[in-house]
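Peer 1: All I have is the shape, not the residue letters:
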């Protein structure tokens, strides 16, 4: 086979490859609509132009006190095009056993949470919620592959709806790296 006859094949492969990269790169968090703890729809497209911290939460975890720092960051930057979106999840040692109603009461009573809290979901495994498929799969977010290692892992989303950074569960919400990202 001559090289000249392979040129159309190379062009087709390059075009398909570029198209696949473009499609992953064109996806944003704005494509998702989820349910909040009250059972109402929450459309991520309503957050266009804001930086977003998505965090999986749990009420019976050693890291649960992070709710206090999450709320403090939200109080400080919530009116400056920044929002936190919490997703309760029971994926790690059954540390979020409550119903949506129980979680809402717990968050409000113990930590004064006012940032948006969504309905409980799965952030790992076969029942992983589509938002977390987007956050953890490079093929969907166009940036990187990751896995949720524990409760209170943070995903930072730029104002254009694209994944910017993954922050370890043990890194506090007011860590200088997080604050500098919010402020930049």
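Peer 2: On my side now, so go ahead. Everything quoted here is computed from the prediction, not taken from an experiment. Numbering: from 1, shown residues only.

Peer 1: give me the number of residues near the nearest residue to residue 113 once chain neighbours are set aside?
Peer 2: Closest residue to residue 113 in three dimensions, ignoring its sequence neighbours and counting by C-beta to C-beta, 6 or more residues apart in numbering: residue 107, at 3.8 Å. For glycine as for every other residue, the C-beta is placed from the backbone atoms N, C-alpha and C. Using other C-beta atoms under 10 Å, the number of residues around residue 107 comes to 24.

Peer 1: Equivalent analysis for the one 5 residues further on, please.
Peer 2: Using other C-beta under 10 Å, the number of residues around residue 112 comes to 12.

Peer 1: Assign the nearest residue to it once chain neighbours are set aside to helix, strand or coil.
Peer 2: Across the structure, with C-beta to C-beta, 6+ apart as the measure, the residue nearest residue 112 apart from its sequence neighbours is residue 71 (5.8 Å). Under the three-state scheme (DSSP: H, G, I helix; E, B strand; the rest coil), residue 71 adopts helix.

Peer 1: Contacts only, for residue 71.
Peer 2: If you count contacts by C-beta atoms under 8 Å, 6 or more residues apart in numbering, residue 71 has them with 111-115.

Peer 1: could these go into CSV alongside pLDDT?
Peer 2: Written out in CSV, the entries for the contacts of residue 71 read as follows (pLDDT from 0 to 100):
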residue, pLDDT
111, 98
112, 98
113, 98
114, 98
115, 98
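
Peer 1: How much space separates the closest residue to residue 144 other than its chain neighbours from residue 145?
Peer 2: Counting by C-beta to C-beta, 6+ apart, residue 138 is the residue found nearest to residue 144 once chain neighbours are left out, at 5.3 Å. In this structure, residue 138 and residue 145 are separated by 5 Å, where distance is defined by C-beta to C-beta, to the nearest Å.

Peer 1: same check, this time on residue 58
Peer 2: Here residue 58 is placed at a distance of 23 Å from residue 145 (C-beta to C-beta).

Peer 1: Between the two, tell me which one has more neighbours.
Peer 2: The residue with more neighbours, out of residue 58 and residue 145, is residue 58; 26 against 11, by other C-beta under 10 Å.

Peer 1: ranges for the helices of the chain?
Peer 2: Secondary structure of the chain (DSSP state H): helices at 3-26, 66-77, 100-111, 130-136, 138-141, 176-183.

Peer 1: Flag every buried residue along the second one.
Peer 2: Okay, so that is helix 66-77. Neighbour-count burial for helix 66-77 flags 66-67, 69-71, 73-74, 77 (criterion: 16 or more other C-beta atoms under 10 Å).

Peer 1: Then the fourth one?
Peer 2: Residues of helix 130-136 classed as buried under the neighbour-count rule (16+ other C-beta under 10 Å) are 131-132, 134-136.

Peer 1: Distance to residue 93 and pLDDT for those - can I get that in TSV?
Peer 2: As requested, the buried residues of helix 130-136 are exported to TSV (distance: C-beta to C-beta, whole Å; pLDDT from 0 to 100):
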residue	distance to residue 93	pLDDT
131	22	98
132	18	98
134	25	98
135	21	98
136	20	98
